[in-house]
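K.L.:
structure of the sequence below:
(chains A and B)
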Amino acid sequence: MRLEILSLALIVGPCTWAFRFFPTKADLSGIKPDGILARFLASTGPAAIATLFVASALPMLKGGVPLPLVIGTLAVLAVYGASRSVVAATLAGSVGYGLAVWLL
Amino acid sequence: MNTDAPKTSFTAGVVTALPIALGYFPIAFSFGVAATRAGLSGLEAFGLSLIIYAGAAQFLALALITGGAPLLVSAFTLVAMNIRHVLYGPALIKRVGPEARTKYAWAWAFGLTDEVFGAALGALARGKVAFSEAFMFGLGLTAYASWLSGTALGAFAGGAALQEYPVIDAALGFMLPALFLALLLSILSKAQLPVIAIAMAVTVAVTFAWSGTAGILSGMVAGALTGLLVRRGDAA
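P.N.:
Residues are numbered from 1 along each chain as shown, chains lettered A, B, ... in the order given. Below is the predicted model:
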């Protein structure tokens, strides 16, 4: 393993671990249920996942919304609505997208 | 025995991680293929997954390495990209409440990726599981094992593995957006719709105006700040 790649991993890996671990030790006992910080933290999850969905789908836009992206997204929505299963919805979206690329 | 009680076991974590494992494996496979295509050895590709364990940052690392970026510039860029993870621990612990134990968080928090955080939050919101450190270990280790095995297989398959299968390549490429969308649906509540809309809009605007990393950070913070307007009891 080249030294530069190992060095990069050994800088970024521990920093990422620190970002994930140390905040779990934050003392949250003093946070009021209706306080600003409580509402901020409760919204962090939906905001983060919505952001990551957009960030992962954006590179697929090429001057418009490609039909496979629409079909894949609809497949996720339909299968999740019918089954309430994250597994089934994820697989359906991927299969729907792949089939659309193949057929169109 | 009350079978309706929320599960807290390691096994419950493994089961909750199944969609992540299904999503991670092909993405990690793609990473292994892309890494060897970019000139990394199989050991180097596996090492990045083993030590960094952050998908988007790893793909960006390939671009930085092949682009010849200096080590410290690359490291700073990747560290900045992963700063968003500081929000996940407190959000998860706040969701669980005072009973949240974090004695072994130094170990399970290593696996607190975007998807693991989303899956944990979704499972807790649905009420089928309750937080425990065993649950977090089951969730995190399953996802990690999938990521490592996918990387290893992709690196072993080599840089040309998917070139003759563009449809499969495309389907695998949509796995991550599909997983995020499904996770979003699993924690969706009417009160959080403004949070989601603002997060998405800001992500798009800042990504086009500046960069993808800035877009992710801005979208998360803008969405969470919008949450300050959500009334008590409405929060997910």
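K.L.:
so residue A:92 sits right up against residue A:77, yeah?
P.N.:
No - checked against Cβ atoms under 8 Å, the pair residue A:92 and residue A:77 is beyond contact range at 9.5 Å. Placement of C-beta: from N, CA and C, glycine included.
K.L.:
please say which of the two ends up with more neighbours.
P.N.:
The residue with more neighbours, out of residue A:92 and residue A:77, is residue A:92; 23 against 16, by other Cβ atoms under 10 Å in any protein chain shown.
K.L.:
look up how far residue B:174 lies from that one.
P.N.:
Using Cβ to Cβ, to the nearest Å, residue A:92 is found at 11 Å from residue B:174.
K.L.:
wait, what's in contact with the spatially most central residue of chain B?
P.N.:
The centroid of chain B falls nearest to residue B:114 when counting by Cα atoms, centre = their mean (2.5 Å). Going by Cβ atoms under 8 Å, 6 or more residues apart in numbering or on different chains, residue B:114 touches A:48, A:49, A:52, B:84, B:85, B:88, B:180.
K.L.:
same thing but 7 Å
P.N.:
Each residue near residue B:114 by Cβ atoms under 7 Å, 6 or more residues apart in numbering or on different chains is listed here: A:48, A:52.
K.L.:
any idea of the pLDDT on it?
P.N.:
Note on residue B:114: pLDDT of 86.
K.L.:
how near is it to residue B:212?
P.N.:
14 Å.
K.L.:
off-centre distance for the worst-scoring helix or strand of chain A on mean pLDDT?
P.N.:
Every helix and strand in chain A was compared by mean pLDDT, DSSP states H and E; the lowest is helix A:36-57, with a mean of 83. Between the centre of helix A:36-57 and the centre of its chain there are 10 Å (Cα atoms, centre = their mean, to the nearest Å).
K.L.:
wondering if the longest helix seen in chain B reaches chain A at all.
P.N.:
Longest helix of chain B, by residue count under DSSP state H: helix B:133-157. No - for helix B:133-157, no contact with chain A is found by Cβ under 7 Å from any Cβ of the partner chain; the gap never falls below 9.8 Å.
K.L.:
tell me which other helices or strands that helix touches.
P.N.:
helix B:10-16, helix B:18-37, helix B:42-51, helix B:105-108, helix B:114-126 (3 or more Cβ pairs under 7 Å, 6 or more residues apart in numbering or on different chains; DSSP states H and E).
K.L.:
check the gap between residue B:42 and residue B:158 for me.
P.N.:
Counting by Cβ to Cβ, the gap from residue B:42 to residue B:158 is 9 Å.
K.L.:
so which of those two has more stuff around it?
P.N.:
Neighbours around residue B:42 and residue B:158, counted as other Cβ under 10 Å, are more numerous at residue B:42. The numbers are 17 against 13.
K.L.:
was I right to think the more buried one contacts residue B:154?
P.N.:
No - applying Cβ atoms under 7 Å, one finds residue B:42 not in contact with residue B:154, separated by 9.1 Å.
K.L.:
once you drop chain neighbours, what's closest to residue B:104?
P.N.:
Closest residue to residue B:104 apart from its sequence neighbours, by Cβ to Cβ, 6 or more residues apart in numbering or on different chains: residue B:133 at 5.1 Å.
K.L.:
quick one: low-confidence ranges for chain B?
P.N.:
Applying pLDDT under 70 to chain B flags the ranges B:1-5, B:231-236.
K.L.:
how's it carved up into domains?
P.N.:
Using automatic domain parsing, the domain parsing of chain B gives B:10-187, B:190-236.
K.L.:
name the nearest residue to the most centrally placed residue in chain A, ignoring sequence neighbours.
P.N.:
Against the mean C-alpha coordinate of chain A, by Cα atoms, centre = their mean, the closest residue is residue A:52 at 4.0 Å. Leaving out its chain neighbours, the residue that sits closest to residue A:52 by Cβ to Cβ, 6+ apart is residue B:180, at 5.0 Å.
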